[in-house]
Every structure is written in C-alpha cells, then in structure tokens.
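>>> compute the structure for the input listed below.
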Amino acid sequence: MRIVVSLLMLLPAMGIAQTAQTWKPERPVELIVAAAPAGANDRIGRAIQRTLQESKLANPVNVMNKPGGGQAVAFAYLNSYTANPHYLGLASSSWLTTVAAGRGTITPRDLTPIVKMLDEYQVYFVRAESPIRTARDIIDRLKADPGSLSFGFSTAAGNPLHISIATLARHAGADPTKVKAVVFNSGSDTAIQVAGGHLDVGVQSPGSAFQLAQAGKIRIIAVGAPRRHPGPLANIPTLREQGIEVDATVFYTIFGAKGITPAQTAYWDSAISSVMQSEQLKQDLVRNYWTIDIVGHRDLPAFLERELENYRRALTEIGMLK
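Down below sits the predicted model:
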C-alpha cells in the first residue's frame, strides 16, 4: 500500500517534469533589450540571441531595442504580452534602481523572473589627454569642488553606476547632489562623449570602453571590482587598490511576461543557463569581462527583493531617495 501511495504522490511531479521537457518555443521569440544598440545590454542580448539559435533552443530570436525611462519603457512593453512565453526581457540591475526609486509602473512582481545570469564590473575612464591620471585625482578634484567634474553613464539616474559615482563623492567628503551627472542610452555613447572631450569621466562596462581605449582615445584608470580584470586590463588597478572602498557592479536578469506557465519558465531558465555556460559564448565572456553567476527562477524572486532593499538603502544614504 505504501508503494502505491508513493507512486501516486510522484505522478504530479512527473507530469510537471515531462511538461517542462516537452514544451519549447513554437514561434519566433522576441528578446527585448532595455537599452539602445551597441551598449552592454545590447551586446549581452545579441550574444544570447546568437547562442540560442546556434544551440537550436529557440529559432529565430529577434532582438528588440526599447530604451527609455530607466528601462521602464521596455518592461511596460513586455508586460503587455501577458502569458505569452515567446517574449523575454533583458534587464540590467539599473532597472531595479528605477523600481527602488519609485519610477515607472512595472516591478519584478508584475513579471516572471526567470534567471539572473552574470555580473559586470564597471570601469572608470577619461579622455586620452585628460590631466586626471588616477582615481585619487578624481577624489582630489571632488574635494576641492564637487561640481568641477562631469560624469557620464547609462542608462538611468540613480542606477548602480550613479550610486558608485555618488559614493565616490561621499568618500571625498563632497555633496553627491552637486556632482554633474549625465545619463546616456548606452555605454558606447558615454565612451564616445568622453573621447570627444564633452565629459570628464565615464563609468561603464569594460566592453563599452575597451575599443576606444585600444584606439588611444580614452584611458581606463580604475576598475570598480573586488579584484583586477584579467587579460589586457590586468594592469588597471581597482578603486580599492587606490584606497577608495567603492565598487561599481551591474548584474543582468531575464524576465518573462506575467502568467507564463511553470513549464515555460523552467524551459527558459534551463535554456539561458546552458547558453551562458556554453562553449559558443566563451569568447564573448572573455572579450566583455563578464562574470557568470546563475540564480535560477526558484531563488530569483527572493534575490531580487533583497537587491531592491539594498538599492533603496543606498539611494537614501546618498540623498537620492527620501
């Protein structure tokens, strides 16, 4: 009798597992990228697009760039496709700071969190001819006059990059609200503006800055990470190595529309996780200095709630949230 009961108890779980294995995309998939082309979000989105297609996990996958509103525009768009598993949204943690600040109408609870994929530690850079040689030079300038330097970043005010800049100002004993901050739709736009002398300091992903650094147009002076980046950036010291206890980290998450089934959520979690750890993506990982850190759909909602609370606290501490 106990054996029969045990088997009966297993049947629902077996059914769910079988459904998860048999469901797969039946139509073209749209991957919504909440930023303009050419920046970090777009590079990640297109790497996922290519590898999903090459692995035959979804085909075709079309990237739809939807910048604006601190990524709120993209997720309002995703939210309009309730229960449709053929629409996915790529969010950087910048969107969570938009939510934490109370901007926009869509939150992670209005969507289906699928998988957190990777971390991207940002870099500080200046134009090639800039008199700023180190992060300590930035501190000295901010001490003397917090409005003497302009900082550029993407994609939203109050995001992790902006928090990093404001924390740097506080480290210098300066008022973060007096620091000049300019927001762009992509990291590549920031790098171009710094190279052209229109901004003093850029804070963006290594991938957004590296090409212009190689061309001698900008100089990377610090990495906002616990340790140095490998490879060509191995000679760039971290902020911490320069005596500044500040990090600049962005993480990336895939969301589905609200109302998709557990089987569909499980499929996309498995597919995206396998893509991020595949041989096809290794070159992208190395070139862009991405750090894989998978948080699956079961643990992701609690992870996102913790991060939202951390961002609310950080925004309050630097005077950007009452």
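>>> can you list contacts of the helix or strand encompassing residue 47?
Residue 47 is located in helix 40-54, with elements delineated by DSSP states H and E. By Cβ atoms under 8 Å, 6 or more residues apart in numbering, the residues outside helix 40-54 that reach it are 29, 31, 33-36, 58-63, 65, 90, 92, 117-118, 120, 154-155, 186-187, 204-205, 207-208, 250, 252, 254, 271-272, 275-276, 278, 280-281, 284, 288, 290. C-beta coordinates here come from the backbone N, C-alpha and C atoms, glycine included.
>>> okay, buried residues for it please.
40-52 (16 or more other Cβ atoms under 10 Å).
>>> could you dump the residues you listed into JSON lines and include distance to residue 146?
Shown next, in JSON lines, are the buried residues of helix 40-54 (distance: Cβ to Cβ, whole Å):
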{"residue": "40", "distance to residue 146": "27"}
{"residue": "41", "distance to residue 146": "29"}
{"residue": "42", "distance to residue 146": "32"}
{"residue": "43", "distance to residue 146": "33"}
{"residue": "44", "distance to residue 146": "33"}
{"residue": "45", "distance to residue 146": "36"}
{"residue": "46", "distance to residue 146": "38"}
{"residue": "47", "distance to residue 146": "38"}
{"residue": "48", "distance to residue 146": "39"}
{"residue": "49", "distance to residue 146": "42"}
{"residue": "50", "distance to residue 146": "43"}
{"residue": "51", "distance to residue 146": "44"}
{"residue": "52", "distance to residue 146": "45"}
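>>> about what we covered before: just the buried ones from the contacts of helix 40-54?
By the neighbour-count criterion of 16+ other Cβ under 10 Å, those include these buried positions: 29, 31, 33-36, 58, 61, 63, 65, 90, 92, 117-118, 120, 154-155, 186-187, 204-205, 207-208, 250, 252, 254, 271-272, 275-276, 281, 284, 288, 290.
>>> before we move on, back to that, quick one: which of the contacts of helix 40-54 sit in helices?
187, 207-208, 271-272, 275-276, 284, 288 (DSSP state H).
>>> out of the residues you listed, who's nearest residue 159?
Of all the ones in helices among the contacts of helix 40-54, the one sitting nearest residue 159 is residue 187; the distance, using Cβ to Cβ, is 11.7 Å.
>>> where's that closest one relative to residue 40, distance?
Computed with Cβ to Cβ, to the nearest Å, the distance linking residue 187 and residue 40 is 5 Å.
>>> how about the strand or helix carrying residue 306: buried residues?
Following DSSP H and E, one finds residue 306 within helix 300-317. Of the residues in helix 300-317, those with enough neighbours to count as buried (16+ other Cβ under 10 Å) are 300, 303-304, 307-308, 311-312, 314-315.
>>> which residues are contacting it?
By Cβ under 8 Å, 6+ apart, the surrounding residues in contact with helix 300-317 are 93, 96-97, 99-101, 108-109, 113-116, 158, 160, 163, 167, 253, 295, 321-322.
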